[in-house]
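1. Build me a model:
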Amino acid sequence: MNFEFEYFFFQDPISERQSLISNSGKSNGKKSGGIPSEPISASQSTKSSIIKLSLVNISGGLIFGYNTGVISPVLQLTSFKDYSEIDQGLITCSILVGAMVGSIVGGIISERLGRKLSMLVISILTLIGTIGSSLVPPMWWTMAFRGILGIGVGMSAIVCPTYVGEMSPMEKKGTLGTIFQLAITFGIFISNVFGFILKNEEYNFRIMFIIGAAPGLFLLITFFFIQESTKWLNRVHAKKTNTTTLLINQKKINNKVGIKGILTKPIGRFSLFIGVILAVNNQLTGINAFMFFSPSIFSTAGIKNGNDPMIATILLMAWNVITTFIATFLIDRLGRRKLMLVGTLVMTLSCIVSAILNLTIGGTTLGVLSVVLLFLFIAGFEASAGPLFWILVIEIFPEDIRDVGSTILNAVQWSFNIALSFSFLSLAELIGNNTFFIFGGFGIVCLVIMYIYLPETKNDDDDDEDEQ
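-> Now for the predicted structure:
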């Protein structure tokens, strides 16, 4: 691993990260200034606290999953089918643009006002966006309120996983973190179910939009039963008192924080580099291609009569939810690195084999094999790139640059999502199923880089960085 690239650009960042963690001051379990509170330890953890942390990620994930997923069945409704591809693209991307803004704003607000108040903001934005889009006439007003909703979605993607990561016991941090992705997939699933149930109702799209307010309401209720992140409180206290050993340690390590700190510190550059690779692996390795071509894949396999294609799509979304449990059960057993590498390998092979099959065979045989590869790819994605992105973009950064770093990477992920949403349809029409070769290529690059550089963060307990 001692390549020139790593030596000159990163200056052995993995060793630096381990040094930061091991050299951070340790104490007898007391916080300076009398602030109680490490995140829950194994002995202190209660059923109530785990439920509260789970509810935070469930609410945030449903805000994300349902409200981004509902637009797909909405655009299949008769009232939207006459819209041009450009108009449909604008409606689809309005929430994505808002989410990119929200990921940036969310990092700033959560650092200055705290995680808990940020959740209140997310709830309010979600309620305004969903209720507003359900009442106004389409198209431009819908886009405006979907944009507001997107800000809440983007904030939820950074605030909820960060809060849960800071408040979880180390041995349950991975499992509780994957609940966010599990809720995303379940939200997408139920959006398709409601799309199927309501497709012939008079106010179908308005009902579908307003259902998205429910997880915002759940998060609002949860807000009144949770405490502020103790890690955030201790950091704020350290800055105010200017006397804690935490502050002294941080000064000894490096006074540079923020974007400048990320770019000037080897560990910051390394973490940012790995994070961008994780974002590429999350968005540009085939998930959108498989989802886009799934109707034609089902059709080629003979699933094309009446409601059969829509039912098959709903079953695919159910599989999407089920396979997320792979990560939930294995992440704290196998670790992040091993799970990510195995899942990415499955995704990459699925893409490449699918592309080769489309060039060599046809008919029902192609359809059936493509369905198998489709479900195999989804299993690989939901066991690795899907849920692990939200966890790793937080864990790969040391404490002093974590908020800024994860905010940047969330914005990068949303920018990839937007770019792909605008360009994928044209690319698919231009080269068809050969797009799988492109995404397979991205998968190979990501797999090689992650194999060389991706650290295992399973046992990195940054709680010590908050202690004396």
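
2. For the rest of this, base every contact and every neighbour count on C-alpha atoms.
-> OK.

3. Determine how far stretch 208-218 lies from the middle of the whole chain.
-> Stretch 208-218 sits 19 Å away from the centroid of its parent chain (Cα atoms, centre = their mean, to the nearest Å).

4. who's in contact with it?
-> For stretch 208-218, the external contacting residues (Cα atoms under 8 Å, 6 or more residues apart in numbering) are 59-60, 62-63, 66-67, 70, 74, 122-124, 126-127, 130-131, 133-134, 191, 194-195, 198.

5. And stretch 293-308, by the same measure?
-> With Cα under 8 Å, 6+ apart as the contact definition, stretch 293-308 has outside contacts at Pro309, Ala312, Thr313, Gly363, Thr364, Thr365, Leu366, Gly367, Val368, Ser370, Val371, Leu374.

6. Need the buried ones from the residues you listed selected in ChimeraX.
-> Selecting only the buried entries of the contacts of stretch 293-308 in ChimeraX, with 16 or more other Cα atoms under 10 Å as the criterion:
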select :309,312,313,366,367,368,370,371,374
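
7. how about the helices of the stretch 151-300 of the chain, start to end?
-> Using DSSP state H, counting those that start in this stretch, the helices of the stretch 151-300 of the chain run over residues 173-198, 204-211, 213-223, 230-241, 245-253, 258-264, 266-283, 287-300.

8. what residue ranges in the stretch 201-350 of the chain score low on pLDDT?
-> Applying pLDDT under 70 to the stretch 201-350 of the chain flags the ranges 242-258, 292.

9. Repeat the analysis, applying 90 as the threshold.
-> For the stretch 201-350 of the chain, the stretches with pLDDT under 90 are 201-203, 231-232, 234-268, 283-314, 327-328, 330-334.

10. one step back: give me the subset of the contacts of stretch 208-218 lying in helices.
-> 59-60, 62-63, 66-67, 74, 122-124, 126-127, 130-131, 133-134, 191, 194-195, 198 (DSSP state H).

11. check contacts around the residue nearest the centre of the chain.
-> When Cα atoms, centre = their mean is applied to the chain, the residue found nearest the centroid is Trp390 (4.4 Å). For Trp390, the contact set (Cα under 8 Å, 6+ apart) comprises Ala157, Ile158, Pro161, Gly177.

12. Where does it fall, secondary structure wise?
-> Using DSSP states H and E, Trp390 maps to helix 385-395.

13. So for that helix, mean pLDDT?
-> Average pLDDT, helix 385-395: 91.

14. Please verify my assumption that Gln284 contacts Phe442.
-> I think there's a mix-up here, since residue 284 is Leu and not Gln. Yes - contact between Leu284 and Phe442 holds when scored by Cα atoms under 8 Å: they sit 6.6 Å apart.

15. quick one, which of those two is more surrounded?
-> Using other Cα atoms under 10 Å, the more surrounded residue of Leu284 and Phe442 is Leu284, with 23 against 19.

16. and the gap between the more buried one and Ile86?
-> Distance, Leu284 to Ile86, by Cα to Cα, to the nearest Å: 22 Å.

17. Then Arg235?
-> Taking Cα to Cα as the measure, Arg235 and Ile86 are separated by 46 Å.

18. Comparing those two, which residue is more hemmed in?
-> Taking other Cα under 10 Å, Arg235 and Ile86 do not tie; Arg235 has more neighbours (18 against 10).

19. The more buried one and Glu111, how far apart?
-> Separation of Arg235 from Glu111 (Cα to Cα): 10 Å.

20. Adding distance to Thr142 and secondary structure, write the contacts of stretch 293-308 out as TSV.
-> Listed next are the contacts of stretch 293-308 as TSV, based on distance: Cα to Cα, whole Å; DSSP: H, G, I helix; E, B strand; the rest coil:
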residue	distance to Thr142	secondary structure
Pro309	28	helix
Ala312	29	helix
Thr313	26	helix
Gly363	41	helix
Thr364	41	helix
Thr365	43	helix
Leu366	40	helix
Gly367	37	helix
Val368	39	helix
Ser370	36	helix
Val371	35	helix
Leu374	33	helix
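
21. residues near Ile452, how many?
-> Neighbourhood size, Ile452 [other Cα under 10 Å]: 11.

22. Checking it next. Helix, strand or coil?
-> helix (DSSP: H, G, I helix; E, B strand; the rest coil).

23. What does the pLDDT read for it?
-> 96.

24. With Asp12 instead?
-> We have a pLDDT of 46 for Asp12.

25. With Glu85 instead?
-> Looking at Glu85, the pLDDT reads 76.

26. Please tell me how far it sits from Val164.
-> Applying Cα to Cα to Glu85 and Val164 gives a distance of 39 Å.
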